[in-house]
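# Any chance you could fold what I've pasted below:
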Amino acid sequence: MYTINPSKLHLSKWTAVQPRNKEKHFMVTQLLRDEDENVVEVVIEAIHSHRERIVPWQNLKDDSVWKMGWQ
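Sure thing, here's the model as predicted:
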């Protein structure tokens, strides 16, 4: 598990441990916040296909799913 400051996730790079549809490398393009300005979800964009998906930011801490940086 990684220690992550959710406010500093914008434009961070991630690698999927088990890529699907040739989508291995991702970048956080947007932080989604609640009414108290706490980050609750992030929008990640696949570099290969430019597809976006929304995931809870805590999912990025799971090292069986995500690796920090592009590897």
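# which intervals of this structure have sub-threshold pLDDT?
Counting by pLDDT under 70, the ranges of the chain that qualify are 1-2.
# Show me the strands in it, by range?
For the chain, the strands defined by DSSP state E cover 13-20, 23-33, 39-46, 52-56, 66-68.
# Which strands or helices does the third one pack on?
Based on contacts counted as 3 or more C-beta pairs under 8 Å, 6 or more residues apart in numbering; DSSP states H and E, the elements that strand 39-46 packs against are strand 23-33, strand 52-56. Placement of C-beta: from N, CA and C, glycine included.
# repeat for the last one
Using 3+ C-beta pairs under 8 Å, 6+ apart as the contact criterion, the secondary-structure elements in contact with strand 66-68 are strand 13-20.
# The strand it packs on relative to strand 23-33, how many degrees between them?
120 degrees (axes from the mean of the first three to the mean of the last three C-alpha atoms, to 10 degrees).
# Neighbouring strands - and their directions - for strand 13-20?
Take DSSP bridges as the rule and strand 13-20 pairs in its sheet with strand 23-33 (antiparallel), strand 66-68 (antiparallel).
# List the neighbours of the last one that are in contact with it.
Under the contact criterion C-beta atoms under 8 Å, 6 or more residues apart in numbering, strand 66-68 has outside partners 2, 12-17, 59-60.
# again, 10 Å this time
With C-beta atoms under 10 Å, 6 or more residues apart in numbering as the test, strand 66-68 has contacts from 2, 4, 12-17, 24, 26, 44, 55, 59-61.
# what do you get for stretch 14-34?
Under C-beta under 10 Å, 6+ apart, the answer for stretch 14-34 is 6-13, 37-57, 60, 62-71.
# Ends of it, what's the gap?
The first and final residues of stretch 14-34 sit 23 Å from each other (C-alpha to C-alpha, to the nearest Å).
# Identify each buried residue in that stretch, please.
Going by neighbour count (16 or more other C-beta atoms under 10 Å), the buried part of stretch 14-34 is 14, 23-26, 28, 31.
# how far is that stretch from where the chain is centred?
Centre-to-centre, stretch 14-34 and its host chain are 5 Å apart (C-alpha atoms, centre = their mean, to the nearest Å).
# begin at 29 from here
Happy to do that; since the first residue is 29 now, the last one works out to stretch 42-62.
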